[in-house]
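Visitor: sharing a model that was predicted from the sequence below.
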There are 2 protein chains.
Amino acid sequence: MLKAANEILSVLGADAVSFDEDVIEHHGRSDWSTSNTTVRPVAVVYPKTTEDVVAIAQSCNKHNVPIVPFGAGSSVEGNFSSPHSGICVDFTYMNRVIAFRPDDMDVTVQPGANWVDLNNKIAESGLFLPLDPSPTAQIGGMVATNCSGTNAMRYGTMKDWVVNLTVVLADGQVIKTRRRPRKTSAGYNLTSLFVGAEGTLGMVTEVTLKLAPIPQDTSVAIVSFPTIKEAATAASSIIRSGIQLAALEMMDDLQMHVVNRHGSAAVRKRKWLEEPTLFLKFSGTTDAIKSDIKRVGQLIKPHNPRDFIFAKSEQEKQDLWAARKEALFTMVNTRPEGTEIWSTDVAVPLSRLTDIIEVTKKDCSSLGLFASVIGHVGDANFHTAMFFDPKSAEQKAAVSKVVHDMMDRALEMEGTVSGEHAIGIGKKDSLVDELGVETINLMRSLKRAVDPKWIMNPGKVFDLPKGT
Amino acid sequence: MLKAANEILSVLGADAVSFDEDVIEHHGRSDWSTSNTTVRPVAVVYPKTTEDVVAIAQSCNKHNVPIVPFGAGSSVEGNFSSPHSGICVDFTYMNRVIAFRPDDMDVTVQPGANWVDLNNKIAESGLFLPLDPSPTAQIGGMVATNCSGTNAMRYGTMKDWVVNLTVVLADGQVIKTRRRPRKTSAGYNLTSLFVGAEGTLGMVTEVTLKLAPIPQDTSVAIVSFPTIKEAATAASSIIRSGIQLAALEMMDDLQMHVVNRHGSAAVRKRKWLEEPTLFLKFSGTTDAIKSDIKRVGQLIKPHNPRDFIFAKSEQEKQDLWAARKEALFTMVNTRPEGTEIWSTDVAVPLSRLTDIIEVTKKDCSSLGLFASVIGHVGDANFHTAMFFDPKSAEQKAAVSKVVHDMMDRALEMEGTVSGEHAIGIGKKDSLVDELGVETINLMRSLKRAVDPKWIMNPGKVFDLPKGT
C-alpha cells in the first residue's frame, strides 16, 4: 500500500499525498455515521484532474490496493470507511465548474463541487440543480449515493438529473457514459449503473447535470396534527391528489421542540405547537400556488381542525425551511454530552407510510431517549434519529433493535432498507434480506466484470461471496 | 435449435410452439423497420408464466440457442429480428394485470400488456401510466427500448416509471430488481440496467410501474409558423421558461398536409395551414391551464404573428392530438404504392434543436421524395420519416445518406443517434461513433457477466468484439 502511495506521490507531487495521522483519522470516521470501522487508510491523496485519478487507479491496480473515494464525508452508513485500509481519494480540489450552458439547461462539474455553491454561482441564469440533500454534500457523493432530500417529491432523485458521467475504472481506463442529449435510448444505461454504486465500480471525475428553471414563486406553510397518524394520513391524501407540491415533509413533536428551542431568531419569534407537523412547500406561478394552497386546505380539513400557518416574510420562509433542513445538524449540535447519533431511513409503498411511521414512533418513544421521527413523507421515505450513550451496551442494543425492526417492517411492506442514505457497510446484511442472494449475486457479477480485482471501495454494498 | 424448440414443446405443450412459416415470417420482419434481416427464427414460442419463460431459457441455454424476445413487433431498428436465427419468444399471452394497487399508485403487469388497454382498465381510479408511445406498444417492448412518446416532456421516459422488474436470465435464473418503494438508494440500480437493454440481458416477465394522477383538465392548441426555424426557436423558449406543458410537438408542412387530407372527420372540418406547426398540450387544474396559456402566448409572440387555435370540443381535442400521434400510421397507410418507410430519430442538447431541424428539413426537401420532419421538440428529440422505392438503389442511398448525416450532425452537437427507438441492428455502428469503443467494451463486459453464452437477443445494440 505504501508503495502505491509513494508511486502516486512521485506522479502527483508531495502536496497531493498526506500521511498525516489527523488527516487520515478525519477521512476514516465520522460523527454522523453509525458504521465506523477501526481500520484506516494508509494515505489520503488529492487529485486535481482526471489524469491524476487515472494515475492513482493505475498504481493501486498494479499493487492490488483498495481505493476509497471521499467526498464531503457526510454520509452515514460508513460509505467512505476503509475496512480494508488502502488509499483514500479526496476530491476536495476537484471542485470546478467545467462548463455551464444555460441554453442547454445543463452544467458539467467536477465531483468535489458543493451543490449549494453551484446553485449560488448559477442563480442569475434562473436555473438550479433541484436536489436538496445535506448542505455540505458534494456532487460526487450525491452521485455515489443517489441522494435526494426534501425536493425529491417534485424533482426526483439524483439519477434523474445526471446526463453523463466521466468515470475512471479500477484499471485506470476512462469512459464516458453518454454525450449530452436530455433524452436517449442508445445502449445500456451506464449512467444509472454508476449513480448509487457508492464508488464500488469506478471513480467519477466529471458529471453533467440537467438543470431546472427556478420557480417563479414559492410559499411555505406548516400545519400541525393531534397525532402522527393523522399527519401521515393527510400527507398520503395530498400525494394521491396529484397536486404538485415542491416538498412535503414531516417533523414530530420532539423536532418541533428543537425548533422552538434552537431555531433561528426569526423562527423563534413565534411559539410553534410541539405536535406532529407537516411542512409544505408550494412552488410555481403565484396564481398556481394560490390554487394549490386552496386545494390542499380542502384535502387536509377532514384530518385536522387546525389551520395552515404561512411564513409571513421571505426571511421567515427561508428560516422555517432551514429549521426542517437543518434538523439533523441542530440535533447533533445540541445533543446531550457524550451521546452518539444513530440516523437511519427507510421507504415503503405509499399506502403503508402511516402504519410504519406510527409503529416506529411508538418504538422510539418507548426507548426513554431522544429518539425522533422525521420524514420526506412526499415520497414515503422517513428517518429516525436517536441519541444514545456509546458506553452503554444496553442503550446501543435498544437503539439497534429499533433500527432493525424498522427495516424489517419496511421489508414486510415491500419497501426498502435505504431510501436515500445508500448501503455502505451498515446495511449490507439488510440488503440481502431485501433483494435475496440471487439479485446480490447479479450485482457481484457486474462488479467483478468492471473491477475484477475488487479494489474499488471494497466492503461496501455487498461482500465477496463467502470462501472467495 | 430444433432440439431446443421440441424440448420447449414437451414442457409448454404443442399450443405454445409454432413452426408455421407465416407465423415465423410475421415474427421475423416488419413494415415499419428499416433493419430487416433475411434470417428467421426456427420457431415462435408463447409462454404464459414466468415458469414457462424459465423453461424456455433453460432449453436454449443447454443447446446454446439464441433467444429473441418479441412484443408488439412495432419497433423500427430491427430490435426483434433474428440475425442468428434461434427461438422467438412472443409475450402475447402474458398480458395480465397481476396487481393493481391504487393506494400505492402502482400496478404490476406482465410484459405482453398493451399500455392503452392498461390505462383504460384503470381509468376509473383516476390514475394512469403517463407514457405515450405507439398505441400498439406493449409494456415489455416499452421497457426494452426505454420508450417515451409525446408525454416525455412532462413525465420523462419509461425508466422513470419502472419500480421493479422480474427478469429471467439467460440460464433460467429468476431475479427481481427491487421491492416496491417509490424511492430507494439500496444497491445497484439493476432496474435501469434492464430498461433499455433491448432484451440482451434477460427476459422481463413482470413489471411494476408507478402511476400518475390523471390531470384535472387538459387543453390542446396548435400554432403555425412561417418557417421551421421560427417554430423550433419558439419551442426552445417555451422549454426554457419552465412552464410545465404536458407535451410540445412539432409537425412540418408535409405532415399538416397529411392531416388536411387524411385526418379524422372532426379534424378535417377545418382547413389547417400547411406550415410548420407546434402542437401544445396543457394540463393541470383549469386555473393553472389558463395561466400557462397566457404565458406561452407571450413567449411565442416575438417569433410569430399567428394566433393559437384551440380545440373547441373534447372530440376535436382528442382528434387533433390523435392526428399528431397517428402521423406515422397515417403516412404508412397512405404512402405511395410500392414504397417503404425509413423512420429514424435523434436527440440533441436543447440549444442545437433549431439548427439540426433546419438543416435536416432542407436535406429532406432536396430528396424530391415524401420526406418529413416531426418532433418531440419538448425534449429536443425529433424524427424523420421518408418513403422510397426499395427497388431504386439510388433512392435508398439518398435516404440513407440523409439519415446518416442527421446522426453525424447530432453527434457533432453532443447528441445521441437514438432518442427513443433504441439501437437494434440498425444503429450499432453509430452507437460506437457516439460512445467510443471503450464504453461499448464496458457494455460488452456487463453483457458477458450476465449472459456468458451471449444467447440473449444476439446481434443487437453491439456485436461481439471482432475475432471472438
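Guide: Looks like it arrived, so ask away.

Visitor: from here on, just use CA atoms for contacts and neighbour counts.
Guide: Noted.

Visitor: which pLDDT value belongs to the residue of the stretch 1-150 of chain A found nearest chain B?
Guide: Taking Cα to the nearest Cα as the measure, the stretch 1-150 of chain A has A:D104 as its residue closest to chain B, at 4.7 Å. pLDDT, A:D104: 95.

Visitor: residues in contact with the residue of the stretch 151-300 of chain A at minimum distance from chain B?
Guide: Of the residues in the stretch 151-300 of chain A, the one nearest chain B is A:T184, at a distance of 4.1 Å by Cα to the nearest Cα. Contacts of A:T184 were listed using Cα atoms under 8 Å, 6 or more residues apart in numbering or on different chains, and they are B:347, B:416, B:418-420, B:422.

Visitor: how many neighbouring residues does the residue of the stretch 1-150 of chain A closest to chain B have?
Guide: 21 (other Cα atoms under 10 Å in any protein chain shown).

Visitor: on that earlier part again, is it possible to get a markdown table of the contacts of A:T184 that adds pLDDT, distance to chain A and secondary structure?
Guide: Output for those, formatted as a markdown table (pLDDT from 0 to 100; distance: Cα to the nearest Cα, whole Å; DSSP: H, G, I helix; E, B strand; the rest coil):
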| residue | pLDDT | distance to chain A | secondary structure |
| --- | --- | --- | --- |
| B:A347 | 96 | 6 | strand |
| B:T416 | 97 | 6 | strand |
| B:S418 | 96 | 5 | coil |
| B:G419 | 93 | 4 | coil |
| B:E420 | 91 | 5 | coil |
| B:A422 | 94 | 5 | coil |
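
Visitor: for the residues you listed, work out which two are farthest apart.
Guide: B:A347 and B:A422 (11.8 Å; Cα to Cα).

Visitor: tell me the mean pLDDT for the host helix or strand of A:S236?
Guide: Secondary-structure assignment from DSSP states H and E places A:S236 in helix A:228-241. Mean pLDDT, computed over helix A:228-241, is 88.

Visitor: so which elements touch it?
Guide: strand A:277-284, helix A:286-300, helix A:353-365 (3 or more Cα pairs under 8 Å, 6 or more residues apart in numbering or on different chains; DSSP states H and E).

Visitor: the domain parsing of chain A - what is it?
Guide: A:1-92, A:97-213, A:217-413 (the TED database).

Visitor: ok, of the contacts of A:T184, which one's closest to A:L2?
Guide: For the contacts of A:T184, the nearest to A:L2 is B:T416 (43.7 Å; Cα to Cα).

Visitor: which residues does the closest one contact?
Guide: A:179-181, A:184, A:186, B:346-348, B:407, B:410, B:434.

Visitor: at 10 Å what do you get?
Guide: For B:T416, the contact set (Cα atoms under 10 Å, 6 or more residues apart in numbering or on different chains) comprises A:178-186, B:345-349, B:381, B:407-410, B:430-431, B:433-435.

Visitor: any idea what it is bridged to?
Guide: B:A347 (DSSP bridges).

Visitor: would you mind measuring from it to B:V332?
Guide: 26 Å (Cα to Cα, to the nearest Å).

Visitor: with just CA atoms, put stretch A:436-444 into CSV.
Guide: Output of stretch A:436-444 as CSV, limited to C-alpha atoms (Å, rounded to 0.1, in the frame of the first residue of the first chain):
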residue,chain,number,x,y,z
GLY,A,436,-32.3,-12.0,-2.0
VAL,A,437,-29.0,-13.6,-2.7
GLU,A,438,-29.7,-14.2,-6.4
THR,A,439,-30.1,-10.5,-7.0
ILE,A,440,-27.0,-9.7,-4.9
ASN,A,441,-25.1,-12.3,-6.9
LEU,A,442,-26.0,-10.5,-10.1
MET,A,443,-24.7,-7.2,-8.6
ARG,A,444,-21.5,-9.2,-7.7
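
Visitor: so which bits of that stretch are buried?
Guide: A:439-444 (16 or more other Cα atoms under 10 Å in any protein chain shown).

Visitor: now stretch A:351-359: buried residues?
Guide: A:351-354, A:356-358.

Visitor: does any part of that stretch sit near chain B?
Guide: Yes: contact of stretch A:351-359 with chain B (Cα under 10 Å from any Cα of the partner chain) involves A:351-353.

Visitor: wait, which of those residues is closest to chain B?
Guide: A:S351 (5.1 Å).

Visitor: just to revisit the earlier point, what do B:A347 and B:A422 both touch?
Guide: A:184-185.

Visitor: burial measure for the residue lying closest to A:D379 once chain neighbours are set aside, as a count.
Guide: Ranked by Cα to Cα, 6 or more residues apart in numbering or on different chains and with sequence neighbours excluded, the top spatial neighbour of A:D379 is A:M153, at 5.5 Å. Number of residues near A:M153 (other Cα under 10 Å) recorded here: 23.

Visitor: A:M153 and A:A380 touch, don't they?
Guide: Yes: with contacts counted by Cα atoms under 10 Å, A:M153 reaches A:A380, the gap being 9.2 Å.

Visitor: next helix or strand past the helix or strand hosting A:V402?
Guide: If you go by DSSP H and E, A:V402 is part of helix A:393-412. Toward the C-terminus, helix A:393-412 is succeeded by helix A:428-435 as the next helix or strand (DSSP H and E).

Visitor: average pLDDT for the helix or strand following that next one?
Guide: Using DSSP H and E, the helix or strand that follows helix A:428-435 towards the C-terminus is helix A:437-450. Per-residue pLDDT values over helix A:437-450 give a mean of 97.

Visitor: any idea how far helix A:437-450 is from the middle of the chain?
Guide: 24 Å (Cα atoms, centre = their mean, to the nearest Å).

Visitor: what does stretch A:329-337 give?
Guide: 20 Å.

Visitor: got a list of what A:S125 touches?
Guide: A:101-103, A:105, A:119, A:213-214.

Visitor: among those residues, which ones are in strands?
Guide: A:101, A:213 (DSSP state E).

Visitor: in ChimeraX, how would I select just the buried ones from the contacts of A:S125?
Guide: A single ChimeraX command is used to select the members of the contacts of A:S125 judged buried by 16+ other Cα under 10 Å:
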select /A:102,105,119,213,214
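
Visitor: now the helices for the stretch 1-150 of chain A?
Guide: In the stretch 1-150 of chain A, the helices defined using DSSP state H, counting those that start in this stretch lie at A:2-12, A:21-28, A:50-62, A:115-122, A:139-144.
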